[in-house]
Structures are given as structure tokens and as C-alpha cells.
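# Turn this into a model:
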Amino acid sequence: MDMKQLAKAVEADVIAIRRDLHRHPEISMEEKRTIGVVTRELEKLDIPYEIVPHGGVIGFIEGERLGKSIILRADLDALPMTEAPTNLKQEKRVVSEHADAAHMCGHDGHTAMLLGAAKILAGLKNDINGKVILAFEQGEENGKGIYRLLQRLVEIGADGIWGIHLKNDIPTGNISVEAGPRMAGVFPFDVEIKGKSGHGSRPDLATSPIACFVDFYKALDAARLRSLNPFEPIAYSVGSLHSGSAPNVIPENLRFSGTARFLHEQQGEEAVNVFTRLLNDVCRQHNCTYEFIEKPVPIHLFVHNEETCSEIAINAVEQALGSEALIECDPWMASEPFGLYQKYFPGVFAFLGIENEEKGTGAEHHNAHFDIDEDALHLGVAATAQYALDFLKSDKEIPHEKETRDVRTLFQDLNVTIHER
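Next comes the predicted model:
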């Protein structure tokens, strides 16, 4: 079969779904309308499904022959932000109709591609050896949907998993599925520095938490070279900073929050130690104190493409799209709960390019100017469907140390917050 042609045949539907979801985004755990779109599309295809409360939707495509099972996963939620009407070059084709929500990470495209792949696979039951499980996850951005969804998927059971993420810095037409590290572990932090307020005319009589934070931030930035292994990546970022309310008042408190990302477990543990030590030292030097609103604890959510699954994926991409579509890329230092699925199911997390200079796509994820080159979507559909068929037909032994802990215990051991509703 020509999978690329099959994907082109559903391309118009995929784009229409993506644009509909983009116009009507819903933030994490509020995806009521989005779930309605997904379930209506599954009903059109006669694909049975179940809604996992506070988790998402699971659909089932049964092949004509017995065999293994594969999970195909997509995410549903948008971000709580306002979208810009233009991308890097021109006006966007479609813009969010809601000022406080926008699909600025590509989840609308992920959901649309999975529905497109579902349409193809539903028509190819004679070629399916086993079962395809469609998993649409709520709350990926804040991590509140995966607990309930993963619990249910572990109960159902599967032999492998596939996920795909649009990638702003990979040219349209290329896809990365190679083995190895894909995405990072994380530790979030939320800290309040406490000083002593005073009049702006007499800073000598006050203790400025702002001055304390500035020195801490400089020390943290320098620590990447002076205190941490330079051969193991680490990325710190402060995304929220609040202090003061008047120009002539030195404030009492300052609160800052952010994240650190890392690809190696030891680097994450050491980064937390360095962060805490520097905060202690700098606050003492400034006669300030501090309080952890959220204590920094490393969460080892590494996403890693399993080697045998990656081989199947490479062959699937070559068959569906041609070898020229394959590209290798560096790990992405963002974090993704897909690594939790991989504890139980070996698999691949693919990166699909959407960068097109002529069209103005290529802005960073979570940026107001982020936009998708829709010509990439049918390529993701083809790769997803082909991987599902090839994985189910493959007799290769996949070396995978399956997680034996139940999901609740795993989350507790990994310091991952459990959200049951």
C-alpha cells in the first residue's frame, strides 16, 4: 500500500479538525469541547472508545487477526496565553477565538494527526495483526491528566507505544525517530526571598530581596560552568518574578519560580544540591531568608527512544515517506510525560518538522507567534499509521525492563504529583 497517498486522502479532514481545535482551544483539564470533537470523529469511524474521567479518551481498533497491541498517543490541551495574529512573516491562517487560551505548542495538530491515522487504520483492519489503542491525553501541559489515563492503559495492557510531537526547528518534510534521549527530566522551583522593606531614599536601612535575587541568579547561571558537569546538559530558567508595588519602596519579599531541565539522573540530583547551596549562601550574605513554596525535587521523566522500536520506526518512515525524510536532531530540553508511558511500554517519540521560512512557521513553542506548517500534518499521519502496522507485524524481540510498580507507587517514587481529578 502507498501510505503517503492514504494520508493525502485524509489530509483535508486532518487540517479541518486541526483548525477547528485551534479556533476553540481549551486549557489543561478543561478540554470538554475537544473531547467531544474526538469522540464524534471516533463515532464516525465506528471506533469504540471510553472516556477516562480526568484523563482523556481511549479508542480501540481491533485487527482481523490476533497479535500484539500498540498505543498511539496524542495530547489535547492548549496553553493559558494569548495568541498573536501573525507568525514570523505573515498573518496566520487560523487564530484562537479565545483571549486566554491558545494552541501554541501544536497539540491541535497532534490530535488531528492521530484522528487521521485512526481513519486510515480503521479501513485497514485486514492488515492489522492485533490491536491499535488510541490514547488522547488531557492536561499534558500541567501533568494533571496522565495519572488516570496511564492507570487505565496499564490495566488494558500493550506491547509498545508511539507518540509524535511537532517541532519548530526541524524543516517541514523531515522527521526524527532515532534511538536515544529525546526529552529531559525536570525539577520545578518556587521560592520566596524575605528581606526588610524600607524607603527608597535609605537603602542602607533596608534589606532588598531584589538585590539578593540578582546575585543568586548570577551565581546560578555561573554554576553551570563552575559546579556542574559541562558534558551533561542542564538548562535553568526563571519564568515568573514578582516583587514590590511602588517605585520608592524597597519591598519586603520577592517570589520567583521556574524550572531546570537535565538529561542525566546524576546531573539532576547535583543540580538540586547546587541550587539549594547557592540559595543558602547568597541569602546569608544579604541577611535575607527564604522559603520554598515548592521545594526543588528532581523528577526523572526522561523520554528515550528504545533502539529496536527506533529501527522499526526508521524502516516505517522510509517505506511511507522515503529515506530523504529522515533526519537526526539533538535532544529537546523540554519535559514530556511520555517518559512515564515508556516505563510500562517500549516505544518511540517522533519529532516532526514544521519549520518553513517562506510561510513564517518556526517560532518557538509556547511563543505567541508559534504556527504550524499544515503541509507537515499528512506526513505525521503516514508515519504514525505505518509504524503501527509495522510494529504489530514485527517479530523482533524488544529488550524492555517493564515497570513492576503500580502507577501510584511509581509516581510517588519519582516525585510526580498524583492528580486524580
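# Tell me where the chain has helices.
3-9, 11-23, 32-44, 107-122, 146-156, 209-226, 265-285, 307-321, 338-344, 377-393, 407-413 (DSSP state H).
# who touches I156 in this structure?
I58, S69, I133 (CB atoms under 8 Å, 6 or more residues apart in numbering). Glycine gets a C-beta too; all of them are placed from N, C-alpha and C.
# hmm, try it at 10 Å
E50, I58, F60, S69, I71, K131, I133, A135 (CB atoms under 10 Å, 6 or more residues apart in numbering).
# now do S201
Applying CB under 10 Å, 6+ apart, the residues near S201 are N248, I250.
# Identify the residue spatially nearest to the most centrally placed residue in the chain, adjacent ones excluded.
Closest to where the C-alpha atoms of the chain average out (CA atoms, centre = their mean) is E336, at 3.8 Å. Leaving aside its sequence neighbours, E336 sits nearest to M183 (CB to CB, 6 or more residues apart in numbering; 4.6 Å).
# In this structure that neighbour contacts H300, no?
No. Between M183 and H300 there is no contact under CB atoms under 10 Å: 11.7 Å.
# Please say which of these two ends up with more neighbours.
M183 (23 against 18; other CB atoms under 10 Å).
# I'd like the distance between the more buried one and G268.
13 Å (CB to CB, to the nearest Å).
# Please enumerate the shared neighbours of the two.
With CB under 10 Å, 6+ apart as the test, M183 and G268 both reach R261, F302.
# returning to what we had before: list the residues that contact the residue nearest to the centre of the chain.
Here E336 is in contact with 75, 140, 143, 163, 165, 182-184, 186, 301-303, 349 (CB under 10 Å, 6+ apart).
# closest to L389 among those?
Set against L389, the nearest of the contacts of E336 by CB to CB is G163 (16.8 Å).
# give the contact list for the closest one.
Neighbours of G163 in contact, by CB under 10 Å, 6+ apart: 71-75, 110, 114, 135, 137, 182, 303, 336-338, 341-342, 347-350, 384.
# Surely G173 touches I327?
Yes. Using CB under 10 Å, G173 is in contact with I327, at 9.0 Å.
# any shared contact partners between those two?
Common neighbours of G173 and I327 (criterion: CB under 10 Å, 6+ apart): G353.
# Report the contact partners of the closest residue to D100 other than its chain neighbours.
Take D100 and drop its neighbours on the chain: the residue closest to it by CB to CB, 6+ apart is P80, 6.0 Å away. Taking CB under 10 Å, 6+ apart, we find P80 in contact with P25, I27, S28, E30, H98, D100, A101, A102, E141, N142.
# Grab the two from the residues you listed that are most spread out in space.
H98 and N142 (17.5 Å).
# re the thing from before, show only the entries of the contacts of E336 found in strands.
D75, G163, H165, R182, M183, V186, V303, F349 (DSSP state E).
# Now do the same contact list for the first one.
Counting by CB under 10 Å, 6+ apart, D75 touches 28, 31, 56, 105-108, 110-111, 114, 135-141, 145-146, 163, 165, 336-338.
# Buried members of those residues into PyMOL, please.
To isolate the buried subset of those in PyMOL, counting by 16 or more other CB atoms under 10 Å, use the following:
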select buried, resi 28+31+56+105+106+107+108+110+111+114+135+136+137+138+139+140+141+145+146+163+165+336+337+338
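# neighbours around V154, how many?
17.
# Using PDB, list the CA coordinates for stretch 187-199.
This file holds the C-alpha atoms of stretch 187-199, laid out as PDB (Å, rounded to 0.1, in the frame of the first residue of the first chain):
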ATOM      1  CA  PHE A 187      12.900  20.000  38.700                       C
ATOM      2  CA  PRO A 188      10.500  22.900  39.300                       C
ATOM      3  CA  PHE A 189      11.200  25.500  41.900                       C
ATOM      4  CA  ASP A 190       9.100  28.200  43.600                       C
ATOM      5  CA  VAL A 191      10.900  30.400  46.200                       C
ATOM      6  CA  GLU A 192      10.100  33.400  48.300                       C
ATOM      7  CA  ILE A 193      13.000  35.500  49.400                       C
ATOM      8  CA  LYS A 194      12.300  37.600  52.600                       C
ATOM      9  CA  GLY A 195      14.200  40.800  53.300                       C
ATOM     10  CA  LYS A 196      13.300  44.000  55.100                       C
ATOM     11  CA  SER A 197      11.300  46.800  53.500                       C
ATOM     12  CA  GLY A 198      12.200  50.500  53.600                       C
ATOM     13  CA  HIS A 199      12.200  53.800  51.900                       C
END
